[in-house]
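1. curious how this folds, go ahead:
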Amino acid sequence: MENLVISRLRILTFLFIAVYLLPNSFFDDLRIWLLILFALLYSSIVYYFVAREKLQENLTLSIIDLLIVFFYLFLINQMATKFVFLIYLPAIKEILYRRIKNAYIISFMGNLGVIVLSFILKENLPLEISLSLIPISFLIPYFSSSYIKEMEGS
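-> Below you'll find the predicted structure:
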């Protein structure tokens, strides 16, 4: 059941991003259209296989989700700062499955990716923003794991 909910959230996330991006880049860039179609197709295929219980949510799917978010951030470089929060979604998904070590790994990979993107997109994603996200991305798994341990103890 949790797998279906997470898969639906993945579809909704990429769908909401697509709805936001379409008016802003309707005729501008074919790459954004292809990325939107790829992300929606990917999330629909994952949902189909999860619904048929042929696929389970795991670290590999979280890494693929993170890579798709990075592609979004790279292609929408003018609006990259509006969507930087999306790097936390795969880590939050791992926390929901109580895989705290994987959440730390995903958070670390997300930090590295955002820092690399800030070097590539210098004007649109400043390094100061990327570096300011480092403490937040490690505090999310830390506080979540301590909350989970506290809830299990009570």
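2. what sits closest to residue 106 if chain neighbours are left out?
-> Of all residues beyond its chain neighbours, the one nearest residue 106 is residue 91 (4.4 Å), with distances taken as CB to CB, 6 or more residues apart in numbering. Backbone N, C-alpha and C define where each C-beta goes, glycine included.
3. tell me which element the one you found is part of?
-> helix 89-96 (DSSP states H and E).
4. show residues contacting that helix.
-> 2, 6, 9, 13, 57, 59, 62-63, 65-66, 69, 100, 102-103, 106-107, 110, 137, 140-141, 144-145, 148 (CB atoms under 8 Å, 6 or more residues apart in numbering).
5. can you rerun that using 6 Å?
-> Here helix 89-96 makes contact (CB atoms under 6 Å, 6 or more residues apart in numbering) with 6, 62, 65-66, 102-103, 106-107, 144.
6. got it, and stretch 116-125?
-> Contacts for stretch 116-125 (CB under 6 Å, 6+ apart): 73, 77-78, 80-81, 127, 130.
7. one more time with 7 Å, if that's ok
-> 70, 73-74, 77-78, 80-81, 126-127, 130 (CB atoms under 7 Å, 6 or more residues apart in numbering).
8. and the end-to-end length of it?
-> 10 Å (CA to CA, to the nearest Å).
9. packing partners for the helix or strand of the chain with the lowest mean pLDDT?
-> Within the chain, no helix or strand scores below helix 2-24, which has a mean of 80 by mean pLDDT, DSSP states H and E. Helix 2-24 is packed against helix 30-51, helix 89-96, with contacts defined by 3 or more CB pairs under 7 Å, 6 or more residues apart in numbering; DSSP states H and E.
10. make a markdown table out of the ones you listed and add mean pLDDT and distance to residue 122.
-> Formatted as a markdown table, these follow (pLDDT from 0 to 100; distance: least, CB to CB, whole Å):
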| stretch | mean pLDDT | distance to residue 122 |
| --- | --- | --- |
| helix 30-51 | 85 | 20 |
| helix 89-96 | 84 | 25 |
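11. looking at those helices, which is buried most?
-> Ranked by mean neighbour count, the helices and strands packed on helix 2-24 are led by helix 89-96 with a mean of 22 (mean count of other CB atoms under 10 Å).
12. pull out the buried positions in the lengthiest helix in the chain.
-> The longest helix of the chain (DSSP state H) is helix 127-153. Going by neighbour count (16 or more other CB atoms under 10 Å), the buried part of helix 127-153 is 130, 133, 137-138, 140-141, 144-145.
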